[in-house]
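Q: Following is a predicted model, sequence given first.
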Amino acid sequence: MVEEVDLHLLEEWLKIDAEDENLEFKAATRTFQRDDLVRYSVALANEGGGYLVLGVTNQHPREVLGTRAFASKNDINDIKYFAHQQAHGDIKVTELRHAGGRVLVITVPSRPIGVPLRVGTTGEYLCRSGESVTGMSDARMRAIFAETESDWLSGRATAEISAEKILELLDLDALFRLLGGPILSTPAASCGRLINLELIVQSRSGFAITNLGALVAARTLSGISVEFGRRSPRFIIYERRDKLITKSEPKLDRGYAVGFEELVMKVYESAPQNRLVEQLISTPMNVYPLQSLRELIANALIHQDFSVLGSRVMIQMYEDRVEISNPGTPPIDIDRFIDDSRSRNAVLADLMRKAGICEEKGSGIDKVVAAAESHQLPAPEFHKSDSSTTAVLFGPKPFSEMTQLDRIRACYQHCCLLSIARQPMSNQSLRKRFDLSDNKSTIATTIITDTKNAGLIKLQPSDSTSPRFTRYIPYWA
């Protein structure tokens, strides 16, 4: 998944000194050829995805000139179709209205792991070399065919540097406090421990920080490289329930482990407050449980797909909900998040567990669902697209305002929680989940019937035929 494009991100790009393998600017004031767009799309995809920006000069300091290329909706649909046919993937086209003119951003997703792309079915395999598009070498193709998802984390984030530079780039005091053990006083001793943790590697002339080391322990990710700056989580707070007005966008740039608590608290403290009146004392309380935010943010960081350069975790807070998304589709079905777990990045997950950020036994989604129940919140929602996974936490909503889908989702998740505890769901337990009185059993029955018809729950096998003793279990139990 590549990053969502807006004017704020464009302004960040304009400050970058030079283009790289994942970002290309073209003035294209009048036109841009479809064939050239395909060539750049293939090359960017082979580099892990990126952006082709039309209407901006490629020399620093950059100037927004505006572009007339692909000016109509039909033109944009045409290049999307052409790129799909010739570049073997879907591109996204975003029009931005900058003060300097119309800017067109072509967002190119990454190629699949282990699969180099070429133009058409018989064309050239292309890659980026600095600012140029070139043919891919045989050695590069062999490396792509041989790669696996774990290779990226063990790769090098820096060139060879000194032990003193390691201490300058990584926040070792914070890291070692999280991992336990003494705060080592000498660079040599610190580097020895980092080597054992696979956070750095040593050669004859120095050390290099691994991608894993940079991700978890960087003082600032942007201080490692521009690429790692783009891997920092992005947190956007919107004024309303849509994206029309951005209230703020707090800066987040620390390594995932050393900056985790700061990140979680920044999100938690930015949430709206729910005024509860207890014994005539008005007490402000955040609408989202802290534990839920911790679990979902940790999951997004750990389970993201690192095969795409320029990807990042997104946290978007609206007036009525917070959405936490990560690059990559999940290795398990979203309906099984509560009872099953598989880590996409086992090495990262293990280190974050040692740092006390996540648990070894699973994803913690059951805690998120349980917190929603105990706080009488709508059930969290999980969904996936072709390139991302998103979890949604909702603010308080009266039962009367919940949609049929809201109620079905809550019923299924309630049934899953009970199943994990080896208990079946009943009409009575569901009424308790929704805080419904005993005389609302008919409403609970309707929700159970709708959930059963949706194929999410089923009757528990029983000798009894009395409705009073009817119990339910998840469809997978």
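A: All right, it came through fine. Numbering: from 1, shown residues only.
Q: Report the central residue of the chain.
A: residue 326 (1.3 Å; Cα atoms, centre = their mean).
Q: in stretch 20-34, what counts as buried?
A: Using 16 or more other Cβ atoms under 10 Å as the test for burial, stretch 20-34 gives 20, 21, 22, 23, 24, 25, 26, 27, 28, 32. To be clear about C-beta, it is placed using only N, CA and C from the backbone, and glycine gets the same treatment.
Q: my guess is the third one meets residue 50, correct?
A: Yes: counting by Cβ atoms under 8 Å, residue 22 does reach residue 50; the two are 3.3 Å apart.
Q: among the helices and strands of the protein, which has the poorest mean pLDDT?
A: strand 273-278 (a mean of 53; mean pLDDT, DSSP states H and E).
Q: pLDDT below threshold where in this structure?
A: 1-4, 147-150, 184-185, 204-205, 274-285, 308-310, 360-363, 463-468 (pLDDT under 70).
Q: Show me the domain layout of it.
A: 7-147, 153-224, 230-397, 398-477 (automatic domain parsing).
Q: all helices of the stretch 151-300 of the chain, in order?
A: With DSSP state H, counting those that start in this stretch as the criterion, the stretch 151-300 of the chain has helices at 163-169, 172-179, 187-196, 211-217, 221-224, 226-229, 260-270, 290-302.
Q: got the CA positions of the fourth one in CSV?
A: In other words, helix 211-217. The C-alpha atoms that make up helix 211-217 are tabulated as CSV, following Å, rounded to 0.1, in the frame of the first residue of the first chain:
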residue,chain,number,x,y,z
ASN,A,211,16.0,-2.5,8.6
LEU,A,212,14.7,-4.1,11.7
GLY,A,213,17.0,-2.1,13.9
ALA,A,214,16.0,1.2,12.2
LEU,A,215,12.3,0.5,12.5
VAL,A,216,12.3,-0.4,16.2
ALA,A,217,15.0,1.9,17.7
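Q: In TSV, list the buried residues of stretch 20-34 along with distance to residue 400.
A: Shown next, in TSV, are the buried residues of stretch 20-34 (distance: Cβ to Cβ, whole Å):
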residue	distance to residue 400
20	53
21	53
22	49
23	49
24	52
25	53
26	54
27	56
28	54
32	53
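Q: Near the residue lying closest to residue 84 once chain neighbours are set aside, how many other residues are there?
A: In space, residue 84 comes closest to residue 90 once its chain neighbours are excluded; the distance is 5.8 Å by Cβ to Cβ, 6 or more residues apart in numbering. Using other Cβ atoms under 10 Å, residue 90 has 14 neighbouring residues.
Q: show me the residues around residue 90 that make contact.
A: Residue 90 sits next to 80, 83, 84, 109, 386 when contact means Cβ atoms under 8 Å, 6 or more residues apart in numbering.
Q: May I ask which two of these are separated the most?
A: The span of those, defined through Cβ to Cβ, is set by 83 and 386 at 14.9 Å.
Q: can you pull out the strands in the stretch 351-477 of the chain?
A: 381-384, 388-394, 457-459, 472-474 (DSSP state E, counting those that start in this stretch).
Q: Check what contacts the third one and list those residues.
A: What that stands for is strand 457-459. 411-412, 415, 425, 448, 451-452, 470-475, 477.
Q: same thing with the first one?
A: Counting contacts by Cβ under 8 Å, 6+ apart, the residues outside strand 381-384 that touch it are 329, 330, 334, 337, 365, 389, 390, 391, 392, 394, 409.
Q: Please pick the buried ones from these.
A: Judged by 16+ other Cβ under 10 Å, buried ones among the contacts of strand 381-384: 330, 334, 337, 365, 389, 390, 391, 392, 394, 409.
Q: Could you find the closest non-adjacent residue to the third one?
A: Counting by Cβ to Cβ, 6+ apart, residue 365 is the residue found nearest to residue 337 once chain neighbours are left out, at 4.4 Å.
Q: in a strand, that's where residue 133 is, yeah?
A: Yes: according to DSSP: H, G, I helix; E, B strand; the rest coil, residue 133 belongs to a strand.
Q: which residues touch it?
A: With contacts defined as Cβ under 8 Å, 6+ apart, residue 133 is in contact with 39, 40, 43, 126, 127.
Q: rewinding a little: counting only helices, which of the contacts of strand 457-459 make the cut?
A: 411, 412, 415, 448, 451, 452 (DSSP state H).
Q: Go through those residues and name the one nearest residue 171.
A: Taking those together and measuring to residue 171 by Cβ to Cβ, the closest member is residue 412, at 41.9 Å.
Q: Could you give the number of residues near the nearest residue in space to residue 233 that is not next to it in sequence?
A: Using Cβ to Cβ, 6+ apart and skipping residues adjacent in sequence, the residue nearest residue 233 is residue 313, 4.2 Å away. Counted by other Cβ under 10 Å, the residues lying close to residue 313 total 25.
Q: Ends of stretch 107-125, what's the gap?
A: 19 Å (Cα to Cα, to the nearest Å).
Q: who touches residue 126 in this structure?
A: So residue 126 contacts 39, 42, 43, 46, 117, 118, 119, 133, 134, 135, 136 (Cβ under 8 Å, 6+ apart).
Q: wait, which of these is closest to residue 266?
A: residue 46 (35.7 Å).
Q: The nearest residue to that closest one once chain neighbours are set aside pairs with what?
A: Nearest residue to residue 46, sequence neighbours excluded (Cβ to Cβ, 6+ apart): residue 127, at 4.9 Å. Residue 127 forms beta bridges with residue 134, as assigned by DSSP bridges.
Q: what about residue 127, distance to residue 199?
A: 29 Å (Cβ to Cβ, to the nearest Å).
Q: and what of residue 7?
A: Residue 7 is 37 Å from residue 199, by Cβ to Cβ.
Q: For the two, indicate the residue with more neighbours.
A: residue 199 (24 against 13).
Q: contacting residues for that one?
A: Counted by Cβ under 8 Å, 6+ apart, residue 199 has contacts 170, 209, 210, 212, 213, 216, 217.
Q: and if we set it to 6 Å?
A: 210, 213 (Cβ atoms under 6 Å, 6 or more residues apart in numbering).
Q: ok, now how distant is it from residue 403?
A: Residue 199 is 47 Å from residue 403, by Cβ to Cβ.
Q: Please list the outside residues in contact with the strand or helix carrying residue 97.
A: Using DSSP states H and E, residue 97 falls within strand 92-98. Contact partners of strand 92-98, identified using Cβ under 6 Å, 6+ apart, comprise 5, 7, 10, 64, 76, 103, 104, 105, 106, 107.
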